[in-house]
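Student: Prediction below, plus the sequence it came from.
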Amino acid sequence: MTRSTLNHPPLAILLVALSVVASGCGADSVPEPRSSVDRHLWNTAWDEASESQRVALRDGELTFAEYETAALRAVQCINDAGMQGEANLEPKSRTYAIGARWQSSGDRESDEKKSSEADACYAEHWNGINQAWAAQNQPSEQGLYDARQALAQCLRDAGLDVPAPATSEDLLAFRESGAYFGCAQQAAEEYGIPNFGG
């Protein structure tokens, strides 16, 4: 009887431990999105997210307030590291561009350290959240088409021979032209598609 009692506590502890591990794995699985999203980007967002970012993603939805809070936390982290953090909001697409500025001392090692510190801030506060926001806010096929045609027309207005209607492949041929960046930026702003390139 004593021997049997000694064998049961380790088995009970093992079962409890397995139960805790199993529930922990469930908590770390990719949450089911509440709305239609780009699943690849959503899964990537979860994989990249730090624990502090996962708090905002666990319910399957990233609100603008949560997104903005993450942007401001990343900026504060950059500022705390002795650099100047920036969070620039593009109003039409409601997306933030986060950056870090610092005055280079000309010392490569010092600059690499600053760059690493900025990267650590992005990893802790921003990367996963930014991916999740992109996953939730993918433009429609029609929106992409319209932006692509606007970019093509802008390039035509600049004197380039761009086919009509233009495909993404057509536009790739003009990426090295002087007008491309300005036209792409104009189309991105007009159609609310961040980082649009055709």
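Tutor: Nice, I can see it.
Student: looking at this, Glu66 is in a helix?
Tutor: Yes. Counting by DSSP: H, G, I helix; E, B strand; the rest coil, Glu66 is found in a helix.
Student: Next one: it, what pLDDT does it get?
Tutor: Turning to Glu66, the model gives it a pLDDT of 97.
Student: Quick check: the gap between it and Leu155.
Tutor: 38 Å (Cβ to Cβ, to the nearest Å). From N, CA and C alone the C-beta is placed, and that goes for glycine too.
Student: can you check Ser177 too?
Tutor: Counting by Cβ to Cβ - Ser177 and Leu155 are separated by 7 Å.
Student: of these two, who's got more company?
Tutor: Leu155 (24 against 15; other Cβ atoms under 10 Å).
Student: tell me the SS of the more buried one?
Tutor: Under three-state DSSP, the three-state class of Leu155 is helix.
Student: distance of Ala150 from Gly182?
Tutor: 12 Å.
Student: ok, which stretches of the protein are strands?
Tutor: Ranges of strands within the chain are 84-90, 95-101, based on DSSP state E.
Student: Poorly predicted segments of the chain, please.
Tutor: 1-27 (pLDDT under 70).
Student: how does it look with 50?
Tutor: Scanning the chain for pLDDT under 50 picks out 1-26.
Student: which stretches of the protein form helices?
Tutor: 2-27, 39-48, 51-57, 64-80, 108-125, 127-136, 141-157, 168-172, 180-191 (DSSP state H).
Student: out of these, which comes closest to Thr95?
Tutor: With Cβ to Cβ, the closest approach to Thr95 among these belongs to helix 127-136: 6.8 Å.
Student: list the helices and strands the closest one packs on?
Tutor: Judged by 3 or more Cβ pairs under 8 Å, 6 or more residues apart in numbering; DSSP states H and E, the packing partners of helix 127-136 are helix 39-48, helix 51-57, helix 64-80, strand 95-101.
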